[in-house]
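# Next input, structure requested:
(chains A, B, C and D)
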There are 2 protein chains.
Amino acid sequence: MPAHSAALPTKERILGAAEELFARHGFEGASLRQLTAAAGVNLAAVNYHFGSKDRLIEEVFRRRLDQLNGRRMAALQRVAGQPETSVEDVLAAFIGPALELSHDGSGSLFMRVLARAFAEHDDTLRKFLSDNYGHVMRQFTAEFARLLPHLSKEELYWRVDLVTGALTHAMSGFGMIQRKSDVPEERHREETAAHLIRFAASGLKSP
Amino acid sequence: MPAHSAALPTKERILGAAEELFARHGFEGASLRQLTAAAGVNLAAVNYHFGSKDRLIEEVFRRRLDQLNGRRMAALQRVAGQPETSVEDVLAAFIGPALELSHDGSGSLFMRVLARAFAEHDDTLRKFLSDNYGHVMRQFTAEFARLLPHLSKEELYWRVDLVTGALTHAMSGFGMIQRKSDVPEERHREETAAHLIRFAASGLKSP
DNA sequence: CGAAGAATCAAACGATCGTTTGAGCATACG
DNA sequence: CGTATGCTCAAACGATCGTTTGATTCTTCG
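Here you go, the predicted model:
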């Protein structure tokens, strides 16, 4: 059993520093020496607690995606199959949890890590993400298919993919997603969600 | 003066191999040793011809972006300011040249390199891209502003940014952009452009 | 031809990478 | 108390990184 450390357990400190440095410098660009120095732990701690750098990368994803996709699925279940559900409702179920994470202090960098994962065409990482979280995208796509029955399968896949790209890009912090200092946090989140949902719904429902 | 080599000049061979390996493994992930081996040139050739790895990265961008943005600007000039110009026309001027490049044998990997550049928050690279090619995005945004006068500045920036994200994502090869073997190249390009333009125009014109 | 310059080459530079080792410290349990 | 067990630590492992050097080859031109 681990002794209760001063501030945070070593594993959590490593995961936090890894998230920040992976977002800033990429998976190959961030070294374990920078990482462990930032976390204030010994260099060997990574291999002791995680086995390897690759396994650490997977854990960085697992920690956030388990929560993020759990909330997405829960939100989807609340509207899926209902007769009065709109495209906007489904988009809100997809976007809302991501925005909560994105504006949640320690998790705000994870969206940038996720954007990097999309840019990586590394097969191992992509297979890990597809195996563990592919079912979420499939469920959302199925619900969109129900709400947009006039779209061919190919047309639907196209549009869902374009929506994914737009949201990933926006939420990884390139856009104007930064909150102005005179706007309250929660209100800014709602306005951001409204922007994203309006744009994506328009694209999805395009004739 | 360079002697005329067997196939391609050394500089071009390096640029070609760099584009492929940067797309596949990232800027830090691709080493000069892999790169020069793939190009069939000596390791020292990179520093001899380009000065450093960072300067090589810049040249990889310059070679493609000069052509890409030149064509974009030329296409934009043909429709900008005209009274009968539509949002779709401007989008076509932006997307068409990128699709030509994306489907042009040796240039097909460059869009993936560009997607990586977006994921990199490296200040040096971003400043280079902004300084050299920022005026292109500004010109297109100005034309969108003319065609969508009811949008606030903030709203317009939001939507242009979302369009950029969607297109970068799609053209870097995550979507279904791959051509089926029974569809002719040019027809597939037109259909792809039609998909992208319809989606983006819908998002931009959203009420 | 012969000198000059451009280009290529093998080899090495110091720095840094991910990973491993083995000793040392702390806590837990008989 | 003594001895496992979980954890941390400094140090080192071999490999690989970007870059530099100095000699060698090739090309051009007086």
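# near DNA strand C at all, the top helix by length along chain A?
Ranked by residue count and defined by DSSP state H, the top helix of chain A is helix A:53-79. Yes: judged by C-beta under 7 Å from any atom of the strand, helix A:53-79 comes into contact with DNA strand C at A:53-54. For glycine as for every other residue, the C-beta is placed from the backbone atoms N, C-alpha and C.
# domains of chain A?
A:1-51, A:54-205 (automatic domain parsing).
# now do the same end-to-end measure for the longest one.
Read that as domain A:54-205. End-to-end distance for domain A:54-205: 40 Å, by C-alpha to C-alpha, to the nearest Å.
# distance of the residue positioned nearest the centre of chain A from A:L43?
With distances taken as C-alpha atoms, centre = their mean, the residue of chain A nearest its centroid is A:M111 (5.0 Å). For A:M111, the distance to A:L43 (C-beta to C-beta, to the nearest Å) stands at 28 Å.
# What does A:G81 show for phi and psi?
The phi/psi pair for A:G81 (degrees, to the nearest 10) reads phi 80, psi -10.
# ok now the lowest-mean-pLDDT helix or strand in chain A, how far from the chain's centre?
Using mean pLDDT, DSSP states H and E, helix A:110-119 stands out as the lowest-scoring helix or strand of chain A, at a mean of 86. Its chain's C-alpha centre and that of helix A:110-119 lie 8 Å apart, by C-alpha atoms, centre = their mean, to the nearest Å.
# Same question for stretch A:76-94.
With C-alpha atoms, centre = their mean as the basis, stretch A:76-94 stands 19 Å off its chain's centre.
# Determine whether any part of the helix or strand where A:V90 lies lies close to chain B.
Using DSSP states H and E, A:V90 falls within helix A:87-102. No: interface with chain B: helix A:87-102 contributes nothing (C-beta under 8 Å from any C-beta of the partner chain), its closest point being 11.6 Å away.
# Let's test this: mean pLDDT of that helix, rounded?
Summarised as a single mean, pLDDT over helix A:87-102 is 92.
# which residues touch A:A145?
By C-beta atoms under 8 Å, 6 or more residues apart in numbering or on different chains, A:A145 lies in contact with A:151, A:153, A:156.
# Would you reformat those residues as JSON lines and include neighbour count?
JSON lines is the format used below for those (neighbours: other C-beta atoms under 10 Å in any protein chain shown):
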{"residue": "A:L151", "neighbour count": "18"}
{"residue": "A:K153", "neighbour count": "9"}
{"residue": "A:L156", "neighbour count": "18"}
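# Filter those residues down to the ones in strands?
Among the contacts of A:A145, DSSP state E puts none in strands.
# any low-confidence regions in chain A?
Along chain A, the model assigns pLDDT under 70 to residues A:1-6, A:104-107, A:173-181.
# wait, what's in contact with the closest residue to A:R71 other than its chain neighbours?
The spatial neighbour of A:R71 that comes closest, neighbours along the chain excluded (C-beta to C-beta, 6 or more residues apart in numbering or on different chains), is A:P97 at 3.8 Å. Taking C-beta under 8 Å, 6+ apart, we find A:P97 in contact with A:68, A:71-72, A:75.
# mind checking how far A:P97 is from DNA strand D?
Relative to DNA strand D, A:P97 is positioned 31 Å away (criterion: C-beta to the nearest atom of the strand, to the nearest Å).
# Hmm, A:L162 is touching A:F199, no?
No: the pair A:L162 / A:F199 is not scored as a contact, 10.5 Å apart, by C-beta atoms under 8 Å.
# and A:S31, backbone torsions?
phi -90, psi 160.
# Good, wrapping up.
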